[in-house]
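Student: Fold the following, please.
(chains A and B)
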Amino acid sequence: MNEERRTPLNPSNLDHRSHCGTFTAMTVRTRFAPSPTGFLHIGGARTALYNWLYARHHGGTFILRVEDTDADRSTTESMQIILDGLKWLGLEWDEGPGVGGEYGPYFQSERNDVYDRYLARLEASGHVYEDDGAIRFRVPDKLITVSDAICGEVSTNLKEQGSRRYDAETKQEVEANPDIVIKRPNGGYIFHFVNVVDDIEMAITHVIRGEDHLSNTPKHLALFEAFGATPPVFAHIPLNLNPSGTKMSKRDQGALIHEYQENGFLPAAVNNYMALLGWSAKDDQEIFSIEELKARFDLPGVNSSNSKFDYDKCRWVNSEHLKHLSAADLLTNAAPFLSRAGIDPTDARVPAALELARDRAQLLSEIPGVIATIFSDTVTYDDASIAKVREKAELPQVISALADGIAGTSDWTVDGIKSAINEAAGKIGLKMGALMLPCRVAVMGSTTGADLAPVLVLLGKEEVVKRLTGFGAML
RNA sequence: GACCCGUUCGUCUAAGGGUUAGGACACCGCCCUUUCACGGCGGUAAUACGGGUUCGAAUCCCGUACGGGUCGCCA
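Tutor: Residues are numbered from 1 along each chain as shown, chains lettered A, B, ... in the order given. Coordinates of the predicted model:
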C-alpha cells in the first residue's frame, strides 16, 4: 500500500460485498482480528486460515473483527486490502464487516460504549487507576499460568516481570510500572483491553494466534479474571520466518497475499501451502483441497517450532493444484493472465492450448509463455535456441524438407503430422528425432515450450508452412 | 539484558522408549518420451552439544549452545 494514500478508516466506505455468512449456532467460535494498518501478510493470512479451518472443522463460527482502535494508524486502503485478500483466499466469515451478526458491531472503533461499560466494572471493583491521564489496570502479584493447546503450560508473574523494562537505546533495565495501560489519555482504548472485552462479548471459545502473543496472554488472563469471565482456549501457533530465519517482512518473497494473486497462484494452493507451514496431517499427504483441509485440520496436528518459508515448495504445491483443476476452472483462472499477454481467452484454440500448458507451468502467469506462439502472428526467436540447431550443417535442407513434407500432408492431426515429419526425415537420410528440434525452433522460436505436434495442429498447416519457409529464408 | 517458546536431511515434516530414522520440495543420476514437459525409478543429505534416567532414548529429565518471541499511551 502506498504510504501517501492514507485515508482514515471509515467502515462505511468499504466494499465488502459477496460475503453472505451462514450462521451456525454451534459451540466453537473463532475470530481473526486484524489491525488495518498495512497489507495482508502471510502470517496474518495463515492465522486467519487456521481459525477458519478450526471453525469449519468443528462446525463452528468464524468471526472477522477489525481491531482499529489506533485511529492514527488505521486506514481504509489497508482494510480493503485485507478484506480483498481474505475474499480471494475464500476465507469467508460468518460474522463481521459486510455480513453483520448478533455480536456486532465488528469494528472496534464503533464499540466504545461496550468498552466504557467494561471499564466501569473495573473501576467499581478497584482494578484500575488513573496515571497521567491514562487508565491503568492493576496486575495481580501472583503466578499466572497459561494452558496453551500447543505450547503447554507457561507461567509468569506480571508484577515481577513488568517492574523492569529493557531500554533498547541504553541497553539497560530500567524501573517500570507493571500495571498495563488500557486507555489512552485521548480516550482511545488499548489492544489488551479491547481484545479481552470483545472475546468475552463475542463469546469467542478458541483464540488461535501467533506465538508472538504468548507473552501477552498472562495479561489477558488477568483481565478475564478481573471480569470474572472464563477465558477461551488459547492456541499459539509457531511463526513463519523468511529463508534466512528472521521475521518475514513485506519485502520478503511470498510475504504479501495480494502478490500471490498477481503472480499466478491459485487460492487453494496458497491455503494448502500455508496449512503445511506449521501443521501436518501426520501422514504423507501434502496436497489437500480446501474440503480435505477442513476435514483434516485440527489443533493436535499443529507443531510448536517456527518454520522458514520456501517459495519453491509453494510453487510446487501450486503446480499440483494446477494439474488437478477442471478444464473449466483452468480457463477461468488463466483468463486474466491470457488477456494480459494479449491472448483472447475466448479463442476456440485456448482450451486445447491450456491442456498443453498446465503440466509445464507452475504458476498461471507462466502459462502464456508456453503457448503464446500459437496465438501470435510473428515468431520471437530465441538466439540460444537458433544457435543450438545451427550446429547441424544441414539445417537449411532440414527446414526445406520439413516445409515440403508438411505442405504435402493431408492428414492434419498429431499422428498425420508426425508421420509427415518422419517421411521428410527419410527423404534426406535422417531420423525423425533430428527434425523435431529444428522444427520446434522454426515454428515456435525456441527449443522449449509446449508439445510440438499439438501446437502445429492448433497453428494450422498454412501458418506452419509459412513459418518454416520464413525461417528457411532467414538462414 | 530479563523472561518465555523452540531445536530431526539445505527447507517443510513423520516417528510420542525398541524403525536400515519415513515422506515431500530442491539438487544429482537413470528410464520413459523419435521434440518440450509431465511421469516413473534411484541417489546425496538429519536427530545441535554434554550429562543423566533406562536393558534400550530422536523420543523422558537437567545443563550448554544456537534460533525465535516479548519487554509501548502498536496490534
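Student: Now for residue A:276: which residues touch it?
Tutor: In this structure, residue A:276 makes contact with A:286, A:317, judged by CB atoms under 8 Å, 6 or more residues apart in numbering. Using the backbone N, CA and C atoms, a C-beta is placed for each residue, glycine as well.
Student: So which bits of the stretch 251-400 of chain A are right by RNA strand B?
Tutor: Where the stretch 251-400 of chain A comes near RNA strand B, counting by CB under 7 Å from any atom of the strand, the residues are A:276-278, A:280, A:282-284, A:286, A:300-301, A:303-308, A:310, A:312-313, A:316, A:323, A:359-360.
Student: Can I get the buried ones among those residues as something I can paste into ChimeraX?
Tutor: With 16 or more other CB atoms under 10 Å as the criterion, this ChimeraX line picks the buried residues out of those:
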select /A:276,277,278,316,360
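Student: any idea how far the residue nearest to residue A:58 when sequence neighbours are not counted is from RNA strand B?
Tutor: In space, not counting the residues next to it along the chain, residue A:58 is nearest to residue A:28; the distance is 4.2 Å by CB to CB, 6 or more residues apart in numbering. Residue A:28 sits 21 Å away from RNA strand B, taking CB to the nearest atom of the strand, to the nearest Å as the criterion.
Student: Contacts only, for residue A:28.
Tutor: For residue A:28, the contacting residues are A:54-55, A:58-61, A:205-206, by CB under 8 Å, 6+ apart.
Student: What subset of these is buried?
Tutor: Those of the contacts of residue A:28 that meet the buried threshold are A:54-55, A:58, A:60-61, A:205-206, by 16+ other CB under 10 Å.
Student: Pipe those into CSV and attach distance to residue A:464, pLDDT and secondary structure per row.
Tutor: Formatted as CSV, these follow (distance: CB to CB, whole Å; pLDDT from 0 to 100; DSSP: H, G, I helix; E, B strand; the rest coil):
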residue, distance to residue A:464, pLDDT, secondary structure
A:54, 55, 98, helix
A:55, 55, 97, helix
A:58, 58, 95, coil
A:60, 59, 96, coil
A:61, 59, 96, strand
A:205, 65, 97, coil
A:206, 61, 97, strand
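Student: closest to RNA strand B among those residues?
Tutor: residue A:54 (16.7 Å; CB to the nearest atom of the strand).
Student: got a list of contacts for whichever strand or helix holds residue A:387?
Tutor: Secondary-structure assignment from DSSP states H and E places residue A:387 in helix A:383-390. If you take CB under 8 Å, 6+ apart as the criterion, helix A:383-390 is touched by A:395, A:437-438, A:440-441, A:445-448, A:475.
Student: And the furthest pair within these?
Tutor: In terms of CB to CB, the contacts of helix A:383-390 reach their longest pairwise distance at A:448 and A:475, which sit 20.8 Å apart.
Student: So for the helix or strand containing residue A:438, what gets flagged as buried?
Tutor: Element membership for residue A:438 (DSSP H and E) is helix A:432-444. For helix A:432-444, the buried set under the neighbour-count rule, 16+ other CB under 10 Å, comprises A:435-444.
Student: Any stretches of the stretch 301-450 of chain A with poor pLDDT?
Tutor: A:393 (pLDDT under 70).
Student: Show me the helices in it, by range?
Tutor: In order along the chain, the stretch 301-450 of chain A carries the following helices (DSSP state H, counting those that start in this stretch): A:311-324, A:327-340, A:350-357, A:367-375, A:383-390, A:395-408, A:414-427, A:432-444.
Student: how far off helix A:367-375 does the third one point, in degrees?
Tutor: Read that as helix A:350-357. Taking axes from the mean of the first three to the mean of the last three CA atoms, to 10 degrees, one finds that helix A:350-357 is oriented at 130 degrees with respect to helix A:367-375.
Student: Which elements pack onto helix A:350-357?
Tutor: Secondary-structure packing of helix A:350-357 (3 or more CB pairs under 8 Å, 6 or more residues apart in numbering; DSSP states H and E): helix A:327-340, helix A:367-375, helix A:452-459.
Student: Kindly compare burial across the ones you listed and name the winner.
Tutor: Most buried of the helices and strands packed on helix A:350-357, by mean neighbour count (mean count of other CB atoms under 10 Å): helix A:367-375, with a mean of 22.
Student: Run through who's touching it.
Tutor: Contacting residues not belonging to helix A:367-375 are listed as A:264, A:334, A:337-338, A:340-344, A:347, A:349, A:353-354, A:356-358, A:360-361, A:379-380, A:443-445, A:449-450, A:455, A:458-459 [CB under 8 Å, 6+ apart].
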